[in-house]
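**Q** my questions concern the predicted model and sequence given below.
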Amino acid sequence: MTWSTDALFDDSTFDAAGATVVAPAWTQTLGVFDLETTGIDVMTDRIVTAHVGVIGPGGEIVSQRAWLADPGVEIPTPATDVHGITTAYAREHGRDARDVISEIVLALEALFEAGTPVVAYNAPFDFSLLKYEALRHGIRPILAPAPVIDPLVVDKAFDRYRRGKRTLDAVAEHYDVLLEAAHDASADAIAAGRVAQAIAQRYADRLPATCGDLHTRQVAWARAQAESLTEYFVRIGRIDADDVVDGSWPIR
């Protein structure tokens, strides 16, 4: 099955006894957020493109806004290879980075103030990088984004031992969600939101009734997942025994 926004999905599943279980109401309206950047260092790298939007109960787009920024620095070739934006293109077509960052922060704050959960795949990357960008440009940052839904964390919690990659494109394929253009901020944000809805549909009988409760559980899940990853990395010699994988969530 390929995700289609032409028709709403059936947001119910069945428990072990065959009784119908409906996905929590908070899955009906979700904010979605994604960044494409100059690199992967949340403290020093810059925003190039961004998307903040809202999807409805069937994954259909309710509202959306996309940004292209001139990051003010060279965009390294490896980053351009990922998202396709060159330094020259960003300088010619991108807007002032401070204006873009301010608008992204305001858009997200509006969603949080409305109580709308915001989906971000690997949330600590996007929210942390946005925080440091805001601080860099003298903008009041979002220091405690909530409620947030991170499909990466939830998928690992519910299907811990599944083999294979946990990249967005791999997880989207696993949940039969179409990702049309990986590493495009808009495509990634929307696909992540639809993956969150697909996970909620599949595990409806195991999800908390409120997005606030889910947010709290993800804090603990992310910490446990980081501890497990730390143990694995130490065992294979990738990191020293004194090192740890940061399990802070949804922002570092």
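**A** Done, it's in.

**Q** show me where the stretch 51-200 of the chain has its strands.
**A** Counting by DSSP state E, counting those that start in this stretch, the stretch 51-200 of the chain has these strands, from start to end: 61-70, 95-96, 118-119, 148-149.

**Q** what ranges does this protein have for its helices?
**A** In the chain, the segments counted as helices under DSSP state H are 77-83, 87-93, 97-113, 123-136, 151-158, 168-174, 185-202, 211-235.

**Q** give me the buried positions along the second one.
**A** Of the residues in helix 87-93, those buried under the neighbour-count criterion (16 or more other CB atoms under 10 Å) are 87, 90. Where you see a C-beta, it was placed from the backbone N, CA and C, and this is true even at glycine.

**Q** could you do the fifth one as well?
**A** Burial within helix 151-158, assessed by neighbour count using 16+ other CB under 10 Å, is assigned to 151-157.

**Q** which residues touch that helix?
**A** Outside of helix 151-158, the residues within contact range by CB atoms under 8 Å, 6 or more residues apart in numbering are 119, 121-123, 166, 168, 171, 174, 192, 195-196, 199, 202-203, 206, 214, 217-218, 221-222, 225, 249.

**Q** what of the first one?
**A** For helix 77-83, contacts defined as CB under 8 Å, 6+ apart pick out 36-39, 48-49, 85-87, 183-185.

**Q** again with the second one
**A** The contact list for helix 87-93, computed with CB under 8 Å, 6+ apart, reads 48, 68-71, 74-75, 80.

**Q** between the residues you listed, which has the most around it?
**A** Most neighbours among the contacts of helix 87-93, by other CB atoms under 10 Å: residue 48, with 30 neighbours.

**Q** next one: it relative to residue 88, how far apart?
**A** Going from residue 48 to residue 88 by CB to CB, to the nearest Å gives 13 Å.

**Q** spit out the residues that contact the two alike.
**A** By CB under 8 Å, 6+ apart, no residue touches both residue 48 and residue 88.

**Q** run a quick neighbour tally on the nearest residue to residue 148 once chain neighbours are set aside.
**A** In this structure, residue 148 finds its nearest non-sequential neighbour in residue 250, 4.2 Å apart by CB to CB, 6 or more residues apart in numbering. Using other CB under 10 Å, residue 250 has 25 other residues around it.

**Q** check this structure and tell me which residue is nearest its centre.
**A** In the chain, the C-alpha nearest the mean C-alpha coordinate belongs to residue 120, at 1.7 Å (CA atoms, centre = their mean).

**Q** verify the stated contact: it with residue 50.
**A** No: with contact defined as CB atoms under 8 Å, residue 120 does not reach residue 50; the gap is 11.2 Å.

**Q** list the residues that are in contact with both of these two.
**A** With CB under 8 Å, 6+ apart as the test, residue 120 and residue 50 both reach 33-34.

**Q** nearest to residue 58 among the buried residues of helix 151-158?
**A** Closest to residue 58 out of these is residue 151 (17.1 Å), distances taken as CB to CB.

**Q** any stretches of the protein with poor pLDDT?
**A** 1-20 (pLDDT under 70).
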